[in-house]
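> just coords:
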C-alpha cells in the first residue's frame, strides 16, 4: 500500500452511475460492474488495434496464472477502468499518473481483498500476453520482448464490448465463488 495525500476533489461519473474520485480513491467507490463495463470499452494499445479490449486481455491473464493468483490476474489492470489506459512507453514519464494509479490499485486491492503486491506470476503472464498480442496484432514488427512461453495455439477472440464485459464478470463470479469455497473448507 502506498501513502497518498489527496482529498476527494473532482470525480468521474462511472458507467454504473457511481462517482469515483481519482484524486482520493476509496474501496467503497470501486465496483466490479464498473470495472467490467469500462475495461470492456477500452481498447488495448491505445486504441491502435480493432476489437480487442483490456477486459479480454485481463480474462486471458487470469486464465494463464495459477488459481491462487487468478483474481489478481483478472484485476491487474482494473485501475484503467477509472483512470484510462496509458501506453507502456509513455507511462514511466508520468509520475503523477503513476501515483494516482497506485492509489487506485490500493483501493481496488482493499475492495477485493487480494493483497497489495501484484504477484510475480501475474506480472510475468501479463508480459507473456504482450508477447502473444504482439504476434497476433503486430507480426513482423521488431519489439524488445522476452521469449514466448505461452502456447502458439493461444487464441485471441476479439470479443465485442458486451461479450468482454460478460466474460469478465463471469470469470470474477467463478473466482469469487471458488475463493469462498476455499475459505469455508479452511474454516472446517
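Received the coordinates, thanks. It should be emphasised that the depicted structure is a prediction, and the values quoted were computed from it without experimental measurement.
> Spit out the contact partners of the most centrally placed residue in the chain.
By CA atoms, centre = their mean, the chain has its centre lying nearest to residue 77, at 2.2 Å. Each residue near residue 77 by CB atoms under 8 Å, 6 or more residues apart in numbering is listed here: 39, 54, 57-58, 85. Every C-beta, even on glycine, is put in place using the N, C-alpha and C of the backbone.
> Now restrict these to buried residues only.
Among the contacts of residue 77, those buried by neighbour count (16 or more other CB atoms under 10 Å) are 39, 54, 57-58, 85.
> Of those residues, which belong to helices?
Those of the buried ones among the contacts of residue 77 mapping onto helices are 39, 54, 57-58, per DSSP state H.
> what's the farthest-apart pair in these?
Longest distance between any two of these is 8.4 Å, between 39 and 57; criterion CB to CB.
> can I get the buried ones among the contacts of residue 77 in CSV with pLDDT and distance to residue 119?
CSV is the format used below for those (pLDDT from 0 to 100; distance: CB to CB, whole Å):
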residue, pLDDT, distance to residue 119
39, 98, 20
54, 98, 19
57, 98, 17
58, 98, 14
85, 89, 21
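> Among the residues you listed, find me the one that's closest to residue 72.
For these, the nearest to residue 72 is residue 58 (10.3 Å; CB to CB).
> Let me know the distance separating that closest one from residue 78.
Per CB to CB, to the nearest Å, residue 58 is found 8 Å from residue 78.
> Need the residues touching each of the two.
residue 39.
> and the residue nearest to residue 11 when sequence neighbours are not counted, what does it touch?
Nearest residue to residue 11, sequence neighbours excluded (CB to CB, 6 or more residues apart in numbering): residue 19, at 4.2 Å. By CB under 8 Å, 6+ apart, the contact set of residue 19 is 11-13, 29.
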